[in-house]
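J.: Give me the fold of what follows.
(chains A and B)
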There are 2 protein chains.
Amino acid sequence: MSKTQITAEPGMPLITITRDFEAPRDLVFRAYTDPELVVQWLGPRDLTMSIDCWDVRDGGRWRYIHTDAHGASYGFHGVFHGTPSAEAIVQTFEFEGVPGHVMLDTTTLEQVGGQTTVRTVAAFSSVEDRDGMVAGGMEHGVRDSDERLAELLAKLQAG
Amino acid sequence: MSKTQITAEPGMPLITITRDFEAPRDLVFRAYTDPELVVQWLGPRDLTMSIDCWDVRDGGRWRYIHTDAHGASYGFHGVFHGTPSAEAIVQTFEFEGVPGHVMLDTTTLEQVGGQTTVRTVAAFSSVEDRDGMVAGGMEHGVRDSDERLAELLAKLQAG
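T.: Take a look at the predicted model:
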């Protein structure tokens, strides 16, 4: 099975995340933008996601909360920049636990044959901010999310 | 007179802009956030600025248009992230001429004595995006803006 590749080059305020999915681009785009699908895969398996707002348009805001088994919750929010499309989804991303440390994510979806490569570049204002995100356990969340997304895409195509 | 320092380290997707102003921090913050003051200094001298919207709050959108003597106009917009304060103004910035190339700006104001140091870090999703902004004549706009801001701050303190 395809694995998620996470690259955080030393000294650069960027993280690049790449993964191939066995699904057409339009379906992957739906999974990234339809809130009813997003709640089924975004985040680690052991957390429950609830969406506060999810306004998929230029300037639209999104916010969600992840809650663990003990009831602790973690809020995240951001704003879509430009109209999200299968070519590119550009959005800011902020973990409410460390306000003021904003990330700028650009996600591009490219289909070759029946497979879609999803590439996200996360840009930070400093290498320290980038390293803080890595230290905060981002990798676990990303890998779990991608596994769940692969399963959801398989289910949607089988159904 | 203090000059604006612009740093664009090779291979890094960042630009850092620093300048000292002979004014207290609160006044510089007002000049950065009050639209009636912003129109008096932001942009090159030979362009006229008009503000379409300017919503200084967390998630608030701003948009302005620069128009030259021949009537050509250039739109810019972005979103404030977090409540803008004299400690930090975080916002996205997009030139409508090249949609999808979003910049993330963090501006901090620090006062020492009667002087305020304004430091802006602009983060880009790639070095190419950063270099595109530099090639697009950003430096001229920044230096002109800062000269105009210094003049405005002097006028406001004399008045």
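J.: And for residue A:139, the neighbour number?
T.: When counting by other CB atoms under 10 Å in any protein chain shown, one arrives at 15 neighbours for residue A:139. (C-beta placed from N, C-alpha, C; glycine too.)
J.: which ones are touching it?
T.: residue A:6 (CB atoms under 8 Å, 6 or more residues apart in numbering or on different chains).
J.: how far is the lengthiest helix in chain A from where the chain is centred?
T.: As assigned by DSSP state H, the longest helix anywhere in chain A is helix A:138-158. Distance of helix A:138-158 from its chain centroid, counting by CA atoms, centre = their mean, to the nearest Å, is 11 Å.
J.: Point out the residues in chain A that sit beside chain B.
T.: A:12-14, A:59, A:61, A:79, A:81-82, A:88, A:90, A:92, A:94, A:99-100, A:102, A:104, A:106, A:121, A:123-126 (CB under 8 Å from any CB of the partner chain).
J.: dump the residue contacts of residue A:7.
T.: Per CB under 8 Å, 6+ apart, neighbours of residue A:7: A:15, A:16, A:17, A:18.
J.: So which residues make contact with the least confident helix or strand in chain A by mean pLDDT?
T.: In chain A, no helix or strand scores lower on mean pLDDT, DSSP states H and E than helix A:127-135, which sits at a mean of 92. Outside helix A:127-135, the residues that touch it by CB under 8 Å, 6+ apart are A:8, A:11, A:12, A:13, A:14, A:15, A:98, A:101, A:103, A:122, A:124.
J.: burial measure for the second one, as a count.
T.: Right, the one you point to is residue A:11. Residue A:11 has 8 nearby residues by other CB under 10 Å.
J.: quick one: contacts for it?
T.: By CB under 8 Å, 6+ apart, the neighbours of residue A:11 are residue A:127.
J.: mind listing the strands for chain A?
T.: A:5-7, A:14-21, A:48-54, A:61-67, A:73-79, A:89-95, A:103-112, A:115-123 (DSSP state E).
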